[in-house]
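Student: using only what follows, build the 3D model:
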Amino acid sequence: MKSLRYSTVIAATIALTSAMSLQAQTTTPQRRVLMEEYTGTWCSNCPRGIASIEHLQKKYGDRFIAVAIHQDSYDPMKTKLYASGNGYPSCQLNRSINCDPFFGTDWDYSDPIGVIHDIDKLMKQTCYADVSATAQWKDNTHTSIEVTATAVFTDTQQASYYRWAFVVTEDHVTAPDPNDRYWKQQNKYVGDTDWLVMPEMATFVNGSSLMAIEYNHVVVDGSGIRQGIENSVSDPVVAQQPNTFTYTIDISENTLIQDVSNLSVVAILLNTRYKDVENAAITAISTPDDGATAVSQVKGDDVMKQHDVYNLQGQKMNNKNTRRGIVIIDGKKVAAPI
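Tutor: As a prediction, this is how the structure comes out:
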């Protein structure tokens, strides 16, 4: 009888362990969608892309990440880190869908804000890796960013199938000279109320044909953006085990950056087999002396409204109702209002 009970316990333990293992293997990470948008100050159609990004961030919160790739010689924020875009505005969603940042793949323009359908489609696809990222300044000169990216794969993978890429973006970019026309956004939507189907277009519908605006998500630096950084995912890739990569981005000679306190880093896990994005994460940049318990108190919601807010996983928080507890503002941990 004692032997029977012992066997029963062993069998139950094996069954429970197997069930837990199966559950771990079948847990699906949350896929984020990365929009890499091609734009330019000279492009009068591009305000719809600017407004669309703002709208999509409000709609999807932490699951949507955008970078704005300014191109053309007349744009003072132009970058050569990316290849030329396929029209302006245009975008890539997880590098698997090429479309308009407002209409999406609905090129007949029959569905307003059609890009939402494309994003919803991507979010439903199976994702094989959960990713997170942190970044900090290597020292107080603010010339080097140390980024640590972590991927947790759902099952055993071949490391050579994946590579990390990093994009440094800047928010709140404005014209150094308010009278410099090349910094002003050309705008064709003045008075066209049909575009108010997206509330964020009101700025441009009610604006002028040449507008001085604040630019966000501007690509200013990065590494491995086109093909990824070789050997950045290390062997062995073990299911449910963190695979971590640390990399330093040198911005000492960067002439695009206006204010280092407005920088973020987007970590992109590229799938080299399918040439698309497996997953991505965005993080603020902390200072070297930010200890794990270095937390200050934010007094009042006004401070929260004036700054970009991130959670402790480095994901931007756009829903004001979730901006509570310990968050990151300007690279520092703070206790948000309760």
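Student: show me what contacts residue 41?
Tutor: Taking Cβ atoms under 8 Å, 6 or more residues apart in numbering as the criterion, residue 41 is in contact with 70, 74-77, 182-186. Bear in mind the C-beta positions are built from the backbone N, C-alpha and C, glycine included.
Student: just confirm it is within a strand.
Tutor: No. Under DSSP: H, G, I helix; E, B strand; the rest coil, residue 41 sits outside any strand and is assigned coil.
Student: in terms of pLDDT, where does it sit?
Tutor: pLDDT, residue 41: 98.
Student: again with residue 157
Tutor: 87.
Student: again, but for residue 71
Tutor: So residue 71 comes in at 96 (pLDDT).
Student: repeat for residue 106
Tutor: On pLDDT, residue 106 comes in at 80.
Student: what's it in contact with, if anything?
Tutor: Contact analysis of residue 106 by Cβ under 8 Å, 6+ apart lists 114, 117.
Student: against residue 117, how distant is it?
Tutor: Applying Cβ to Cβ, to the nearest Å, the value for residue 106 to residue 117 is 7 Å.
Student: residue 252 too?
Tutor: For residue 252, the distance to residue 117 equals 43 Å [Cβ to Cβ].
Student: next up, the contacts around residue 156.
Tutor: Here residue 156 is in contact with 236-239 (Cβ under 8 Å, 6+ apart).
Student: where does the chain dip in pLDDT?
Tutor: The model of the chain has pLDDT under 70 over residues 1-27, 107-110, 289-308, 310-338.
Student: centroid-nearest residue for it?
Tutor: By Cα atoms, centre = their mean, the chain has its centre lying nearest to residue 65, at 3.1 Å.
Student: so it sits in a strand?
Tutor: Yes. Counting by three-state DSSP, residue 65 is part of a strand.
Student: just checking, what packs against the helix or strand residue 204 falls within?
Tutor: According to DSSP states H and E, residue 204 maps onto helix 202-205. Helix 202-205 sits against helix 47-60, with contacts defined as 3 or more Cβ pairs under 8 Å, 6 or more residues apart in numbering; DSSP states H and E.
Student: buried ones in the helix it packs on?
Tutor: 47-57, 60 (16 or more other Cβ atoms under 10 Å).
Student: now stretch 93-108
Tutor: For stretch 93-108, the neighbour count (16+ other Cβ under 10 Å) marks 93-97, 99-106 as buried.
Student: do the same with stretch 223-236
Tutor: By 16+ other Cβ under 10 Å, the buried positions in stretch 223-236 come out as 223-225, 228-229, 232-233.
Student: nearest to residue 143 among those?
Tutor: residue 223 (14.8 Å; Cβ to Cβ).
Student: residues in contact with that closest one?
Tutor: 165-166, 229, 247, 249.
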